[in-house]
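# Sequence and predicted model, in that order:
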Amino acid sequence: MSDISTTKATADAMISMTGVAKWYGAFQALNDINISVRKGEKIVLCGPSGSGKSTLIRCINHLEAYQQGEIRVGGILLGHQAKSIDAVRREVGMVFQQFNLFPHLTVLQNCMLAPMRALGLGKAEAEGRARQLLERVKIAEQAEKYPAQLSGGQQQRVAIARALCMRPQVMLFDEPTSALDPEMVKEVLDTMIDLAREGMTMICVTHEMGFARQVADRVIFMASGAIVEEAPPAEFFSDPKHERTRKFLGEILGRH
Amino acid sequence: MGQDEFFFLLMGLKWTVALSAIGFVCGCVAGLGIALARTSGVPLVERITAGYIALFQGTPLLMQLFVVYYGLALVGIKVDAWAAVSVGLTLHASAYLGEIWRGAIEAVPRGQTEASKALALGYVSRMKDVVLPQALRISLPATIGFLVQLIKGTSLASIVGFTELTRAGNIISNQIFQPLTVFGIVGILYFVMCCPLTIYGAHLERKFAASVR
């Protein structure tokens, strides 16, 4: 494990993936992935279903193990030992499609659990932090409710606050609006836009192309487990280079 | 049947309750270990505990009590009936509860484990704070159902000479030659213990079904 021999570009990077590959049995889910994300950069990851975009971001916090290549987050090499995995997970927040709030805990308890157990914060400090972040996602008045008593959009905003309570350096979003009713998509996207404006490093798997245009520094398009194309959003949408990108954009934006 | 005989039955009842409590409490502790080992993700550990569960589910409780009672004596460990039956019931309960809770742990949605991993929670916190509270809730009706089986199962302890409710009934019946009266009362005493539990289990099941809707 050479810690110094990385290039300048990857040394500055908040997240770097070099030659990452993953297989499910004989099926190759990720193929030679190389990504470097600077601090404060916002990446939108898109592609057809089964293209490996969720698998990719789930490798960054080791919810999925990768078999080849190297992943670094905030300078920490993500190995397969519990120690490096935990170190990376403390720096990386994740928001899921299905929210995955803890149903037996109140909104406030959901937000306090990990800071107390994983960071060793005291109860008062964890509660102060939780209330502050619930305020920030504009849901402070629901703190004593249980997740099932909230709408989908509210639950997802709580999930964002819960992840932020760990004060992560990076936030990963895995299709955060796909399970929401259409009228609730906006409140979640607005929360994400606020977060982006505050300078959070973000990788978002999403089909919300309006969000990509507005927020992303780069859009990365994946197909069949590989990165096909990456470009700033203006260029990505107006002048896609690759045939598969054009086909995908045609389908998702409804133009041919 | 006089007051003395009835009092003797109540003494037997006391031991039935004590045996059930010991078997259940110790079985819960050991069963939790079995359930965690069974879901540990370590193939060898999972296979060993699967074998343990299969062994106790695939053989009669009476045979298990015989093996512990006579088996321990055979290898030179002299235990009284009380200890042997407690050990036997504990082993039996640990296998059943382990299997019930394995199912409950696996019924907690995967996303819960993933979210806790993403929040950097370690195994202990993941289980204690997130998975087990939800699994316990899911398993409560089946757990109570098993407790009812266990209470009735303690009657087999009478066969290795332990004077619990059934054997107390047997003794009285042999003295006063009124088997129908005696075992009728014994049956009522079992029923009074088990039926409220069954009703409570069904109540929890309905409550749980309503809350997941």
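That came through fine.

# Could you check how far B:Ile144 is from chain A?
From B:Ile144 across to chain A, the span is 19 Å (Cβ to the nearest Cβ, to the nearest Å). Every residue, glycine included, has its C-beta placed from N, CA and C.

# residues touching residue 138, list them.
The chain I'm using is chain A. A:157, A:191 (Cβ atoms under 8 Å, 6 or more residues apart in numbering or on different chains).

# wrong chain, I was asking about chain B
When contacts are counted by Cβ under 8 Å, 6+ apart, B:Ile138 touches B:104, B:107-108, B:208.

# Confidence-wise, which helix or strand of chain A is lowest on average?
Sorted by mean pLDDT, DSSP states H and E, the helices and strands of chain A end with helix A:8-12, the least confident at a mean of 53.

# Helix or strand next in line after it, which one?
strand A:13-24 (DSSP states H and E).

# how about the residues of chain A near chain B?
A:61-63, A:86, A:89-90, A:92-94, A:96, A:98, A:100-104, A:113-114, A:117-119, A:148, A:159, A:162-163, A:166 (Cβ under 8 Å from any Cβ of the partner chain).

# Quick check: B:Phe146 touching B:Ala93?
Yes - with contacts counted by Cβ atoms under 8 Å, B:Phe146 reaches B:Ala93, the gap being 7.4 Å.

# Which one of those two is surrounded by more residues?
Shown here are B:Phe146 and B:Ala93; by other Cβ atoms under 10 Å in any protein chain shown, B:Ala93 has more neighbours (28 against 21).

# what about that one, which helix or strand?
Using DSSP H and E, B:Ala93 sits in helix B:81-107.

# any residue of that helix up close to chain A?
No - Helix B:81-107 stays clear of chain A (Cβ under 8 Å from any Cβ), getting no nearer than 13.0 Å.

# Now do that helix: which elements does it pack against?
With contacts taken as 3 or more Cβ pairs under 8 Å, 6 or more residues apart in numbering or on different chains; DSSP states H and E, helix B:81-107 sits against helix B:3-38, helix B:43-57, helix B:61-74, helix B:132-153.

# where in the chain is pLDDT low?
Using chain A here. Within chain A, the stretches with pLDDT under 70 are A:1-11, A:255-256.

# Can you look at chain B instead?
B:210-213.

# quick one: the residue most central in space within it from B:Ala30, how far?
In chain B, the residue lying closest to the centroid (Cα atoms, centre = their mean) is B:Ala93, at 3.8 Å. Separation of B:Ala93 from B:Ala30 (Cβ to Cβ, to the nearest Å): 8 Å.

# How about B:Thr166?
According to Cβ to Cβ, B:Thr166 stands 25 Å off from B:Ala30.

# A:Val170 too?
Distance of A:Val170 to B:Ala30, computed by Cβ to Cβ: 43 Å.

# okay, now residue 56: neighbour count?
I went with chain A, as the question did not name one. Neighbours of A:Leu56 under the rule other Cβ under 10 Å: 28.

# that answer is for a different chain, and I need it for chain B
20.

# what's the closest non-adjacent residue to it?
Nearest residue to B:Phe56, sequence neighbours excluded (Cβ to Cβ, 6 or more residues apart in numbering or on different chains): B:Ala95, at 3.4 Å.

# In contact with that neighbour, which residues?
B:Ala95 sits next to B:31, B:34, B:52-53, B:55-57 when contact means Cβ under 8 Å, 6+ apart.

# now do B:Leu147
By Cβ under 8 Å, 6+ apart, the neighbours of B:Leu147 are B:20, B:24, B:197.

# Kindly report the same for A:Leu63.
A:94, B:114, B:117-118 are the contacts of A:Leu63 under Cβ under 8 Å, 6+ apart.

# and chain B, which residues reach chain A?
Within chain B, the positions near chain A by Cβ under 8 Å from any Cβ are B:109, B:111-112, B:114-122, B:125, B:129-130, B:133-134, B:137, B:211.

# Which among the residues you listed count as buried?
Using 16 or more other Cβ atoms under 10 Å in any protein chain shown as the burial test, those include B:112, B:114-121, B:125, B:129-130, B:134, B:137 as buried.

# got those residues as JSON lines, with secondary structure and distance to A:Asp181 columns?
JSON lines is the format used below for these (DSSP: H, G, I helix; E, B strand; the rest coil; distance: Cβ to Cβ, whole Å):
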{"residue": "B:Gln112", "secondary structure": "helix", "distance to A:Asp181": "23"}
{"residue": "B:Glu114", "secondary structure": "helix", "distance to A:Asp181": "23"}
{"residue": "B:Ala115", "secondary structure": "helix", "distance to A:Asp181": "21"}
{"residue": "B:Ser116", "secondary structure": "helix", "distance to A:Asp181": "27"}
{"residue": "B:Lys117", "secondary structure": "helix", "distance to A:Asp181": "28"}
{"residue": "B:Ala118", "secondary structure": "helix", "distance to A:Asp181": "24"}
{"residue": "B:Leu119", "secondary structure": "coil", "distance to A:Asp181": "26"}
{"residue": "B:Ala120", "secondary structure": "coil", "distance to A:Asp181": "31"}
{"residue": "B:Leu121", "secondary structure": "coil", "distance to A:Asp181": "30"}
{"residue": "B:Ser125", "secondary structure": "helix", "distance to A:Asp181": "33"}
{"residue": "B:Asp129", "secondary structure": "helix", "distance to A:Asp181": "30"}
{"residue": "B:Val130", "secondary structure": "helix", "distance to A:Asp181": "27"}
{"residue": "B:Gln134", "secondary structure": "helix", "distance to A:Asp181": "25"}
{"residue": "B:Arg137", "secondary structure": "helix", "distance to A:Asp181": "28"}
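
# Perfect, that will be all.
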